[in-house]
Every structure is written in C-alpha cells, then in structure tokens.
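> let's see this in three dimensions:
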Amino acid sequence: MPIVIKAKKSESTSDLIRKFKKAVAATGIVQIVKDRRYFKKPSKFKAEKTATNSRLKRRARSLKKMKNISPQALIRINQKLGKT
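Residues are numbered from 1 along each chain as shown. Got it, this is the predicted structure:
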C-alpha cells in the first residue's frame, strides 16, 4: 500500500519530508528492505527466530519474578512470542 502525505497550505517541504520519514518508519519498510538486501539461508532465519524466542522467554521469566513490573510489559513480550 502506498504512503500518501497530503500537503496543507501552511506546510513547508521540510515538514512534509519529516512527516514522510515518520510514516515510513512506522510501517517498517526500511527494516524490511535492509533484511532483504542480502540472501539469507532459511536455516539462518530459523536460528535467529529460535534465539529471539529463547531470549524473550528468559526475559518473561525474569520479569515474572519481579514484584513492581507492569502487566503491559509481560503482555508485549507474550505478543512477540505469538502467545495471546
């Protein structure tokens, strides 16, 4: 889906560029392009995903032990892990 930034009468080009950069960063397009820049073997993808999941699981376990932790932090980690 294309990113469309509409200009208002009082906005300068630098304001428009700033808005466009913010919109592109929010969609994550730049990160996708950087990831696809070089070929990566499927086994590397699997290894990275496994390492990320194990790191997140360790982080969730350590956060559960803490007393003054917000429940939103655990919810975000579980969402990244694919749990609901």
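
> need the pLDDT of the one residue sitting closest to the centre of the chain.
Of all residues in the chain, the one closest to the mean position by Cα atoms, centre = their mean is residue 28, 6.9 Å from it. Per-residue pLDDT puts residue 28 at 88.

> with residue 54 instead?
Residue 54 carries a pLDDT score of 93 in this model.

> next, count neighbours for it.
Other residues lying near residue 54 total 10 when counted by other Cβ atoms under 10 Å. The C-beta positions use only the backbone N, C-alpha and C, and glycine is treated the same way.

> now residue 5
For residue 5, the tally of surrounding residues (other Cβ under 10 Å) stands at 15.

> correct me, but it touches residue 23?
Yes: using Cβ atoms under 8 Å, residue 5 is in contact with residue 23, at 6.4 Å.

> now do the buried residues in the lengthiest helix in the chain.
Criterion DSSP state H: the longest helix present in the chain is helix 42-65. By 16 or more other Cβ atoms under 10 Å, the buried positions in helix 42-65 come out as 56, 60.

> packing partners of that helix?
Using 3 or more Cβ pairs under 8 Å, 6 or more residues apart in numbering; DSSP states H and E as the contact test, the elements touching helix 42-65 are helix 71-81.
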